[in-house]
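Asker: The amino acid sequence is not available; the structure is as follows:
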């Protein structure tokens with residue numbers, strides 16, 4: 001089965017969301033290759049943004 005680029009990207013981002021966010025930050029912090037470091041940082045930012053948006057959208061949250 002061949003995936004289109006859009007399908008591959010969607011599956012990759014969905015898989016990334018299930019990772020431990022600390023793993024992504026550690027991978028970015030200790031990566032010596034600048035290109036790979038940028039990828040880990042971008043994935044970290046994506047996961048953090050996704051989780052923050054979900055938290056903000058929750059209806060049951062209370063103000064401090």
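Answerer: In hand now; what should we look at? Note that the structure is predicted; figures quoted are calculated from it, not measured.
Asker: Now do the helices in the protein.
Answerer: For the chain, the helices defined by DSSP state H occupy 5-17, 21-30, 34-57.
Asker: so can I have a markdown table of those helices showing mean pLDDT and mean neighbour count?
Answerer: Every C-beta, even on glycine, is put in place using the N, C-alpha and C of the backbone. Listed next are those as a markdown table, based on pLDDT from 0 to 100; neighbours: other C-beta atoms under 10 Å:
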| stretch | mean pLDDT | mean neighbour count |
| --- | --- | --- |
| helix 5-17 | 87 | 11 |
| helix 21-30 | 93 | 14 |
| helix 34-57 | 92 | 13 |
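Asker: Identify the residue nearest the residue nearest the centre of the chain in space, chain neighbours excluded?
Answerer: Computing the C-alpha centroid of the chain and ranking residues by C-alpha atoms, centre = their mean puts residue 47 first, at 2.7 Å. Sequence neighbours aside, residue 21 is the residue nearest to residue 47 in space, at 5.3 Å (criterion: C-beta to C-beta, 6 or more residues apart in numbering).
Asker: so that neighbour makes contact with residue 51?
Answerer: Yes: using C-beta atoms under 8 Å, residue 21 is in contact with residue 51, at 7.4 Å.
Asker: do you know how far the closest residue to residue 41 other than its chain neighbours is from residue 5?
Answerer: The shortest distance from residue 41 to any non-neighbouring residue, by C-beta to C-beta, 6+ apart, is to residue 28 (4.6 Å). For residue 28, the distance to residue 5 equals 24 Å [C-beta to C-beta, to the nearest Å].
Asker: swap in residue 14?
Answerer: Relative to residue 5, and taking C-beta to C-beta, residue 14 is found at 15 Å.
Asker: And for residue 21?
Answerer: 26 Å.
Asker: Likewise for residue 44?
Answerer: From residue 44 across to residue 5, the span is 22 Å (C-beta to C-beta).
Asker: how much space between residue 57 and residue 9?
Answerer: Relative to residue 9, and taking C-beta to C-beta, residue 57 is found at 23 Å.
Asker: likewise residue 55?
Answerer: Taking C-beta to C-beta as the measure, residue 55 and residue 9 are separated by 24 Å.
Asker: Please verify my assumption that residue 43 contacts residue 25.
Answerer: No: applying C-beta under 8 Å, one finds residue 43 not in contact with residue 25, separated by 9.9 Å.
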